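Peer 1: Pasting the sequence and the predicted coordinates here, then a few questions.
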Amino acid sequence: MNDLSVYAAAGILLFFIGLYALFFRRQLLRKILAANVMGSGVFLIFIGLVKQPGQSTDPVPQAMVLTGIIVTLCFTAAAIALAIRLKELNEEHHSATRPEDDFG
Amino acid sequence: MILADFLLAQPWFVWLILLPLGGAASTFVLPRRVAPIGFCCALLILAGAVFSVCQLTATGSLTQAAGHWSAPLGIVLRADGLAVVMLATTAGVGFIISCYALGYFPARGHEPSRARYFWPLWLFVWAGCNALYVSADLFNLYVTLEIVTLAAVALTALEGGAPAVGAALRYLLTSLVGSLTYLAGVALLYAGWGTVDLSLLSQVLTEDPLSRTAMALMICGLLLKSALFPLHFWLPPAHGKAPAPVSAILSALVVKTAYVVLLRLWFEVFASFDRAMTAHLLGALGSAAIIWGSLMALRQERLKLLIAYSTVAQIGYLFLVFPLAGAETAATVWTAVILFMVAHACGKAAMFLVAGTIQQTAGHDRISQMAGAGGPIGVLAVVFALASVTIIGLPPSGGFFAKWLLLNAALATGQWWYCPVILTGSLLAAAYVTRVLSWAFLDVRRNVCPVSSRVMKWPPLALCLVALLLGLAAYGPVRVALTGAPVTGHVLVEQRP
Amino acid sequence: MFLRDATTCLLLLAAASFFLAGLVGLLRFPDVFCRLHALTKADNLGLGLVCIALIIQADSWHGAVRLLLTWFLVLVSGATIAHLIARKALQQGQTPWRNR
Amino acid sequence: MTLLFGHLIDLLLAVSLTVLAWRLLATSDLFKATVLFIAFGLLMALAWVRLDAPDLALAEAVIGAGITGVLLLTALRHLDSGARVARMSGRSGRRSLRVLLPALGIMPALLVLLCLSSPHIRSTAGLTASVIERLDQIGTDHPVTAVLLDFRAYDTLLETAVLLLAVVAVWSLHPVRPIFSPEPISPAQRGLLRLLLPVLIMTSLYLLWRGSHAPGGAFQAGALLAAGLLLLLLSEQRLPGRWSGMFLRLLLAGGFMIFLLVAAGALVGTGTLLDYPGGGASWLLLSIEAALSLSIAALLATAVIGGRPSDRSTEFPPRRKDPAGEEG
């Protein structure tokens, strides 16, 4: 068991926890957090499986995971901007329908 | 002759990546001169695509290692038949959508921000598509998929309404799950075999639990991104609620990117695996997509949602390739699927552009209220009918030729049950198209509708003609598609007893 | 050589005890202000001991300077953040705990 | 002895990562989830250190915990204001947790077993050797920077395009909203800023320069600079007046356009993409990294501010109009 890095196993668990939470949680912010956790899980699998005990880590996966971290950040920023915009639009929609109640 | 040599020597397929990226950055920096920059970029890309097609026919498929670092370390770019046909399709359909967008998003219109941000996002999608078709490196494919997805999501949300932003957010989250699953597969392959290059992997990959898991993960991720039947829930709202040129971009071009990656994986990297069970599963899902998508399209009330569900159905056809690709029918099926993608791109883009023009002139796109579409809408209804000829697959069009090849492959491999599926798909397509046309040609007196600008009328017509003539001039694309294709056998045009 | 390792282990143990004290303070103290008090005092001191322990092991002087810089930055930012949190808590009307 | 401790620490870190992720996604309170997520980012940075990947530890700490944390906290102000939180209707119904727990447990166990049983794990030497032996041909000694800026420079070019694309996407949605609270900031915070900002700028320059021979580089330096920029904004200082309009857009797209011009120049010169003249001299790589880090700093800060600058006022982000009427 010890030759498969503990981190790769943790990465696999993180991947499935994130996948599960992303489909079964309702708040938008929670889904975005789940996507980030899933991304971290995949990167842990990547470097965890490649790491040989004793040798220096292979630089090519490090560069790939660095690219992955930046891309995940870009997706998170876009998702949050969309979520805020969606909330505003839903509130506009609700506040638009509310005036009649006041007069009704 | 020096000019010809110079033109043939240039690596056009690399220019087709740098050009849209430069265009996107400059349209972002100079928002006031967005339309001219965007249009001349589209023109240059079209010219580049034409040159790369000539280059391919002259010298065969080209490969180039970025920065002269060879395969295991650097990234290899490859312009083989599949890549060049898809580059040319994206360039052609993209150029016509760009012309249409000039009229649809007037720079000085009431909504300058929509026009100002359409062009950079559209050029990023274009760059992502071109980079994806040409790349031969698994991780590089991941990055290009991300560019295409992020730009497509922003384009979907350009409409600004609550449904559009909600659809864009669902599209983003679903694609993110798909990309991360695909990346997990790439991670397993790299951990096992130490390289992410397509050609190297196809030589060195052996079939064992690790590579089978990687294959399963990558295929699931790509299925989610290309919206095959059970995982298609995000596609109709996204394509249905976006502005017309954006829906055309999404349905005609973006949907094909994840599928082309799957095609490369299936025919190159995992070619040596025994995947009978997976192939039949994909075939079954494809058939279910055809039937279910067409039935849902029949029930739609709005024109753009009808076309979006038609996309879900047509994607089903693409997935019939995997069970039908036997030893001797691989070439037939390869050409069939490439022709189908080209025909579907032209036909679907034309349909969405016409729907956009109809929505602009009639003010809405509810099918039931398009009654008596005499006058300006009448012409558009005719163009809509022409565009749907290739979606249904009637004889002169490219769609017919692709379905004909699929039928031959099904009969040659003895899997007869795919024939009724293909034919009912065409029948149902004819059904939901005639449902739209039957409303359009009721003779009900209509008040005069505002005439939209001419630049929004001829692009869909041009696309329809291209899709129609594709069946007649199919030999050219077939020859180009087969250069450097990883398939065996020859094209079975007619079924010898 | 042994003396260096021994002092380092000793210092690390002391630092661990300070961190433990800070943790217990965080869990047991009744209100925000006491917890902030426990955290900033104990943890910063624990970090100081860790830095000193590592400076003994550091092979070059600029490695030692970097460790001191990290400790100094954590001290400054920790104190300011504690102040800001306390100020926000006061604005939200949380009064410090008094033992009647 | 030390090997045993090493394994113990790895096990402890891996288990705490998983438990923290589960707690983070299970709590009902969004603010607690965000704080736990920042702690999760720091633990991930520790995991990268244990996995002997210092570049990733730096990136994870600054980006995973720092910038994503600020992004989530500013989002929390908008999303969690007590009103009905926007729910994604449709598929994600209210399924009970217990039913799905076994499915969640089986799949990872299956995957772990599959990976374990393959002879290929641990047998393939990665690309470390081929990277090290080619290091002398290019202008940098640090293998990760070499891979990022030379061997797989095309990936980095596309990645910078993704960063620029993220800002274009965020700007295409909505004009910028005031995101910082109107209360007057305390003098302690101004004092901290006066002290921290120079140190942050100096450290990011040091990281940038260090990238050529040790862990560091354009992305970590840019992210650190972005953290400094956000600290500046948090302390009520506006971006300087002329930082809006054409100058801001040029700054945002500058790094990417310079990298693109270098790629195009190399293509015209040698006919292959990103084939640096003279095998990538160190000054060329350093200048590309400097331009990239400046643009990345501006891109990350703008992505966190989260809205396109409105054409009228040059304040970016605008001062929040205090509901009580008095100016902040």
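Peer 2: Received, thanks. Numbers count the residues shown, from 1 in each chain, chains lettered A, B, ... in the order given.
Peer 1: residue ranges with poor pLDDT in the chain?
Peer 2: I went with chain A, as the question did not name one. Scanning chain A for pLDDT under 70 picks out the ranges A:1-4, A:96-104.
Peer 1: nope, chain D please
Peer 2: D:1, D:80-106, D:108, D:112-125, D:179-182, D:236-244, D:278-280, D:311-328.
Peer 1: What residues does the residue positioned nearest the centre of it make contact with?
Peer 2: Geometric centre of chain D, nearest residue: D:I63, 3.3 Å, by C-alpha atoms, centre = their mean. By C-beta atoms under 8 Å, 6 or more residues apart in numbering or on different chains, D:I63 lies in contact with A:69-70, A:73, D:219, D:223, D:300. Every residue, glycine included, has its C-beta placed from N, CA and C.
Peer 1: just curious, which of those is nearest to B:Y475?
Peer 2: A:I70 (45.5 Å; C-beta to C-beta).
Peer 1: State the distance from the single nearest residue of the stretch 51-200 of chain D relative to chain C to A:Q27.
Peer 2: Relative to chain C, the nearest point of the stretch 51-200 of chain D is D:L192 (4.2 Å; C-beta to the nearest C-beta). Counting by C-beta to C-beta, to the nearest Å, the gap between D:L192 and A:Q27 amounts to 33 Å.
Peer 1: returning to what we had before: for the residue of the stretch 51-200 of chain D closest to chain C, grab the count of nearby residues.
Peer 2: Counted with other C-beta atoms under 10 Å in any protein chain shown, the neighbours of D:L192 add up to 20.
Peer 1: Helices - which of the contacts of D:I63 land there?
Peer 2: When DSSP state H defines the helices, the subset of these inside them is A:69-70, A:73, D:219, D:223, D:300.
Peer 1: out of those, which is most surrounded?
Peer 2: D:L300 (32 neighbours).
Peer 1: Distance of that one relative to D:T18?
Peer 2: 29 Å.
Peer 1: got a list of contacts for the host helix or strand of B:G476?
Peer 2: Assessed by DSSP states H and E, B:G476 sits inside helix B:475-482. Contact with helix B:475-482 is made by B:53, B:56-57, B:81-82, B:84-85, B:88, B:331, B:334-335, B:338-339, B:342, B:470, B:491, as judged by C-beta under 8 Å, 6+ apart.
Peer 1: switch the cut-off to 6 Å
Peer 2: Residues outside helix B:475-482 that contact it (C-beta atoms under 6 Å, 6 or more residues apart in numbering or on different chains) are B:81, B:85, B:335, B:338.
Peer 1: Distance to chain A, neighbour count and secondary structure added to the residues you listed, as a markdown table?
Peer 2: Shown next, in a markdown table, are the contacts of helix B:475-482 (distance: C-beta to the nearest C-beta, whole Å; neighbours: other C-beta atoms under 10 Å in any protein chain shown; DSSP: H, G, I helix; E, B strand; the rest coil):
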| residue | distance to chain A | neighbour count | secondary structure |
| --- | --- | --- | --- |
| B:G81 | 29 | 24 | helix |
| B:V85 | 28 | 25 | helix |
| B:T335 | 35 | 29 | helix |
| B:I338 | 29 | 25 | helix |
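Peer 1: Same list (those residues) but as TSV, adding pLDDT and distance to D:L292.
Peer 2: Putting the contacts of helix B:475-482 into TSV (pLDDT from 0 to 100; distance: C-beta to C-beta, whole Å) gives the following:
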residue	pLDDT	distance to D:L292
B:G81	89	36
B:V85	93	35
B:T335	91	43
B:I338	92	38
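Peer 1: if we can go back for a sec, out of the contacts of D:I63, flag the one nearest to chain B.
Peer 2: A:I70 (10.1 Å).
Peer 1: Look up how far chain D lies from that closest one.
Peer 2: Per C-beta to the nearest C-beta, to the nearest Å, A:I70 is found 6 Å from chain D.
Peer 1: quick one, what contacts that residue?
Peer 2: Per C-beta under 6 Å, 6+ apart, neighbours of A:I70: D:E159.
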